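1. 3D, please:
(one chain, ligands or ions: 1)
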Amino acid sequence: SVAVVLFTSDLRLHDNPSLRAALAAADEVIPLFVRDRRIEELGFAVPNRRAFLADCLRDLDAGLRERGGRLVVRSGEVAEEVCRVAAGTGARDVYVAGGVSGHALRREGRLRGALESQGRRLHVHDAVVTAVAPGAVTPAGSGTDHYAVFTPYFRRWSRERIRDPLDAPRTVPVPRDVGSEALPSRAEVSGVSEGLAEGGERAARRRLTAWRRTGLARYEDRHDDLAGDATSRLSPHLHFGTLSPAELVHRARAAGGPGADAFVRQLCWRDFHHQVLAARPSAARTDYRTRHDRWRTGATAAAEIEAWKAGRTGYPVVDAAMRQLRHEGWMHNRGRLLTASFLVKTLYVDWRVGARHFLDLLVDGDIANNQLNWQWVAGTGTDSRPHRVLNPVVQGKRYDPDGGYVRRWVPELRGIEGGAVHEPWRARGRGAERARYDYPEPLVELSEALARFKHARGRD
Ligand code: FAD
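-> Numbering: from 1, shown residues only. The predicted structure is shown next:
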C-alpha cells in the first residue's frame, strides 16, 4: 500500500510522528510538500522565510535520498494538490502534523473534507509542532479552553508527559513514478537579509549540538546579555520544524541544571502562545484583551514609524536591535522586547504595525509567537502588567553595559567607548564634536512620551 506524508511545520526526519506512522502502516510513502498558494496570498512568504524554507526543503530531500527516497514538491492549493497526488498513486491514507494557527486549522479542515469525499483518510498527529498539544491541558474547573496566564500553565505543562523522541527512519521507500517540481533554492530569492542563518535539519542539529555543549549550562545567567548573544538561536528551526520541541525538552531535562530549566521554561512560553492562538485564532489580528487604545496615526507618527524601522530613532539600543533585524532576519529577545515597547508605548503606535514589520523580516516570524508577544508587550494580550514601559536608556545600560552590542550594529557611534554609547547626546558635546557622528537626535523626549502614554492608558 501507499501513503502520503504531508510535511508542513515539521520539516525533519528525526522525531517525526507522522512520517513514522505512515512508514509503519504502508509499504511505500510519498513525502510531500505543497508550496501553499494561500500563504503567498496572505503575504506571509517573505524573502527571508522563503530562502530559509528553500534550504529546509533541499536538506529534507537530501536526507530522504540517503534513505532511498526523495521529496515530492508541488505548488497550489494544499487540499487539491494532496488529493491529486493521492488519486494518482492510489494512496488511501494521508498523514499530517496537527496545525495551530487559524490558517493551519482551516487547511486541515479542507484537507479532511476533500479526502473523505474521495473515500480517503486523514491521520493527524498532535504534539509535533509544539511539545504539548494546544488544548491538551486546560485550567481545571474554570470552563475555559486555554490558559490566559503563563505561570499556572507552566506548572501544569511541567507535569505533562512529553512523548519520547523518535529516531529518524533508516529507509524511506518512495514510489518511482510520482512527479515533483524542481526544488526551490535560496539563490532564486531576492531581498534576503545578508546575515540570514542556514536552514535545514542538518544545520539545526549542528546548532543543537554546539548549543548543548557550550550554551545551555550558562543560559540562565547570560540569556539577556545583548552583546554576548548567548541564546540558542534555535527559533527558526523550531518555526520550520527542523527540530522537534519535544526532543529539545527531553534533551534539556536530561542535561539538567539551572540553564536547562530556564531554557525549558522558554520552550513552554512557545507552547503557551500556541495554545492561546489555537483557542483564539482571531488574536492574530484583534486585541486579546480590549483596551480601547486610540493609537497615534497621521504624518508625524508615520515618519516616526519609518525612523523606527530604519534604526534611526536616536536611541542607540533600539536602533542597534532594529538594524540586527534587517541584517540577520533575527533579533535577540531582549531587543524584541525593548523595540516593541518603544513602538507601542513610547511612540504610542498600534502593535499591529510593529508586528507586521517583524513578520516581514523575521526568519522565525511566527503568528503565535510574534502576534502574542506583541500583544503581551502592548498590554492588549496576556500580560498582567499592561502599564509597564521599558526605558531604552535604562535597558541599554542594563543589558549592554559595555555598549558592545550598540557599537556592533551602529557603526556611527563606534567612537564612543563603554556604556556612554547609550547616551550619545551627552558624549557628543557641542558643535563640531556633535557633527562628527552622523547619528540622529532622539526622536522623542522620553518623559513627554511616558506622560502621553500614561494619560492615554488612564482611560481604561
Ligand atoms: P532562546 O532564548 O534560546 O529560547 C529557546 C526557544 O524558546 C526559542 O527558540 C523560542 O522557540 C522559545 N521562546 C523563547 N522566548 C519566547 C517567547 N517570549 N515567546 C515564545 N517563545 C519563546 N519568537 C518566534 O519564534 N517567532 C516570532 O515571530 C517572535 N516574535 C516576537 C516578537 C516580540 C515582540 C517578542 C518580544 C518576542 C518574539 N519572539 C518570537 C519570542 C523570542 O524573542 C524568540 O523566540 C527568541 O528571541 C528566539 O531566539 P532563540 O532561539 O535564541 O531563543
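2. what's the burial count for whatever residue of the stretch 1-150 of the chain ends up closest to the ligand?
-> Per CB to the nearest ligand atom, Phe150 is where the stretch 1-150 of the chain lies closest to the ligand, at 9.5 Å. C-beta: built from backbone N, CA, C; applies to glycine. The number of residues packed around Phe150, counting by other CB atoms under 10 Å, is 19.
3. separation between it and Leu57?
-> Using CB to CB, to the nearest Å, Phe150 is found at 34 Å from Leu57.
4. Check Ala86 too.
-> Between Ala86 and Leu57 the computed distance is 20 Å (CB to CB).
5. How about Arg222?
-> For Arg222, the distance to Leu57 (CB to CB) stands at 34 Å.
6. Repeat that for Gly335.
-> 29 Å.
7. next one: Val72
-> Val72 sits 11 Å away from Leu57, going by CB to CB.
8. hey, what's in contact with both of the two?
-> Residues within reach of Val72 and of Leu57 at once, by CB atoms under 8 Å, 6 or more residues apart in numbering, are Phe33.
9. that's a strand at Ser75, yeah?
-> Yes. Under DSSP: H, G, I helix; E, B strand; the rest coil, Ser75 sits within a strand.
10. Who are the contact partners of it?
-> Listed by CB under 8 Å, 6+ apart, the contact partners of Ser75 are Val34, Arg35, Arg37, Glu81, Glu181.
11. Can I get those residues in CSV including neighbour count, secondary structure and pLDDT?
-> Compiled in CSV, those are given as follows (neighbours: other CB atoms under 10 Å; DSSP: H, G, I helix; E, B strand; the rest coil; pLDDT from 0 to 100):
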residue, neighbour count, secondary structure, pLDDT
Val34, 24, strand, 98
Arg35, 18, strand, 96
Arg37, 15, helix, 90
Glu81, 22, helix, 97
Glu181, 11, coil, 97
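12. Now the two most distant members of those.
-> Spanning the widest gap among the contacts of Ser75 are Arg37 and Glu181, at 13.1 Å by CB to CB.
13. Please see if stretch 134-147 touches the ligand.
-> No. Using CB under 6 Å from any ligand atom, stretch 134-147 stays clear of the ligand, coming no nearer than 13.6 Å.
14. Stretch 46-53 now?
-> No. Using CB under 6 Å from any ligand atom, stretch 46-53 stays clear of the ligand, with a minimum separation of 10.2 Å.
15. where's stretch 238-255 relative to the chain centroid, distance-wise?
-> Relative to its chain's centre, stretch 238-255 lies at 15 Å (CA atoms, centre = their mean, to the nearest Å).
16. who's in contact with the helix or strand hosting Thr300?
-> Assigning secondary structure by DSSP states H and E places Thr300 in helix 299-310. With CB under 8 Å, 6+ apart as the test, helix 299-310 has contacts from 313, 318, 322, 339, 342-343, 347, 349, 353-354, 357, 440, 443-444.
17. got the buried residues for it?
-> Ala301, Glu304, Ile305, Ala307, Trp308, Lys309 (16 or more other CB atoms under 10 Å).
18. And the furthest pair within these?
-> Maximum pairwise distance in the buried residues of helix 299-310, criterion CB to CB, is 12.6 Å, between Ala301 and Lys309.
19. you'd agree Ala3 is in a strand?
-> Yes. When three-state DSSP is applied, Ala3 is found to be in a strand.
20. Leaving out the residues flanking it, which one is nearest to it?
-> With CB to CB, 6 or more residues apart in numbering as the criterion, Ala3 has its nearest non-adjacent residue at 3.7 Å, and that residue is Ala26.
21. Contact residues of the chain facing the ligand?
-> Residues of the chain lying near the ligand by CB under 6 Å from any ligand atom: 223, 231-235, 238-239, 266-267, 269-270, 273, 333, 336-337, 340, 358, 362, 364-366, 369-370, 373-374, 377.
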